[in-house]
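Novice: need a 3D model of the following:
(chains A, B and C)
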Amino acid sequence: MVTIDNVHFSIQQICGSGQCFRLEETEEKGIYELVTARGYLKILTEPEQTILCCSQDEFESCWKEYFDLNTCYKDYIERIDRNDTYLQKAAEFGGGIRILRQDIWEMIVTFILSQQNNIPRIRNLIRGLCQRYGKPEITESGREFYPFPDAQVLAEAEERELREMKLGYRSPYICGSARMVASGEIDLEALKKMEYLRAREELMKLPGVGGKVADCICLFALHQLDAFPVDTHIRKALDIHYPEGFPFDRYRGCAGVMQQYIFYYDLRGEYREGGAS
DNA sequence: GCTCAGGTGGTTC
DNA sequence: GAACCACCTGAG
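Specialist: You can find the predicted model right below:
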């Protein structure tokens, strides 16, 4: 068991920030389960602290990096313009969010599926893919879980099968991307070493990956903090609060963190303006 | 029925 | 290169 205080770390906020679809609250309130390429993790959340159910060694060698706990997010928050009350409030509201270091193939598929889709449905689609194509594993405590299927497995799936699973018009994108990754035409290891814009450009060679999806992959898998995915929520928030444009120069090296604060605040914050409903 | 949900790719001018 | 439009699906 490893205990972390909740000052700048919140599982609920990370779960709600839309970067990870395989972190879910169980039927027991406050207890979460996370399935990643690194393995399975059970998490207990309490008002003051969060408890990761793993050994100290596993924490040090794996989860500490995954949750980006070596980084001080307070430093990012302190970089926010004091006159920018909107961003100040957003960062205060979502101050426990961290940018995870997730598996790149999983992020490619996840964000291809995210287009014209809502969060609960994306979760279901991914769960379906894992159960159908992932090889089940068992935790020490006997809990069965399904890791994300690798590109080689999905490369052999038929488009028809994916359509049956309600992936819709995204089905050929998944098949095509899986084949390009499985064949090595797109080299995932090489992407990890590339600079942000180069990686973004390379990812956009995959079918179904445009600028927004490529930015999500860059941010949530490659930890490129200059990536700033602009979706409908962010577009709306930027139009209202930054009609002159978002100050990217000021937030070089952490724009993606700000994006997450804005996104989470727009989606979950009590704050609403203009569109009263 | 219609619109919308964290878009992309193809076509057109 | 900006402006359209089709595209699967399910919920409200």
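Novice: ok, the residue in the stretch 51-200 of chain A that DNA strand B sits nearest to - contacts?
Specialist: DNA strand B sits closest to A:Gln115 of the stretch 51-200 of chain A, with a gap of 3.0 Å, by Cβ to the nearest atom of the strand. Heads up, the C-betas are built off the backbone N, CA and C, glycines and all. Contacts for A:Gln115 were tallied using Cβ atoms under 8 Å, 6 or more residues apart in numbering; they are A:170, A:208, A:213.
Novice: for the first one, what are its contacts?
Specialist: Contacts here follow Cβ under 8 Å, 6+ apart; on that basis A:Arg170 touches A:112-113, A:115, A:162, A:208.
Novice: export those residues to a markdown table and tack on distance to A:Cys254 and secondary structure?
Specialist: Output for the contacts of A:Arg170, formatted as a markdown table (distance: Cβ to Cβ, whole Å; DSSP: H, G, I helix; E, B strand; the rest coil):
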| residue | distance to A:Cys254 | secondary structure |
| --- | --- | --- |
| A:Ile112 | 26 | helix |
| A:Leu113 | 27 | helix |
| A:Gln115 | 26 | coil |
| A:Leu162 | 37 | helix |
| A:Gly208 | 28 | coil |
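Novice: export those residues as a markdown table, with columns for distance to DNA strand C and pLDDT.
Specialist: Compiled in a markdown table, the contacts of A:Arg170 are given as follows (distance: Cβ to the nearest atom of the strand, whole Å; pLDDT from 0 to 100):
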| residue | distance to DNA strand C | pLDDT |
| --- | --- | --- |
| A:Ile112 | 12 | 96 |
| A:Leu113 | 9 | 96 |
| A:Gln115 | 8 | 93 |
| A:Leu162 | 10 | 95 |
| A:Gly208 | 10 | 94 |
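Novice: show me which of those is closest to A:Leu23.
Specialist: Relative to A:Leu23, the closest of the contacts of A:Arg170 is A:Leu113; by Cβ to Cβ it sits at 16.5 Å.
Novice: contacting residues for that closest one?
Specialist: A:Leu113 sits next to A:122, A:125-126, A:167, A:170, A:174 when contact means Cβ under 8 Å, 6+ apart.
Novice: of the residues you listed, list those near DNA strand B.
Specialist: Checked against DNA strand B using Cβ under 7 Å from any atom of the strand, the contacts of A:Leu113 yield no neighbours at all.
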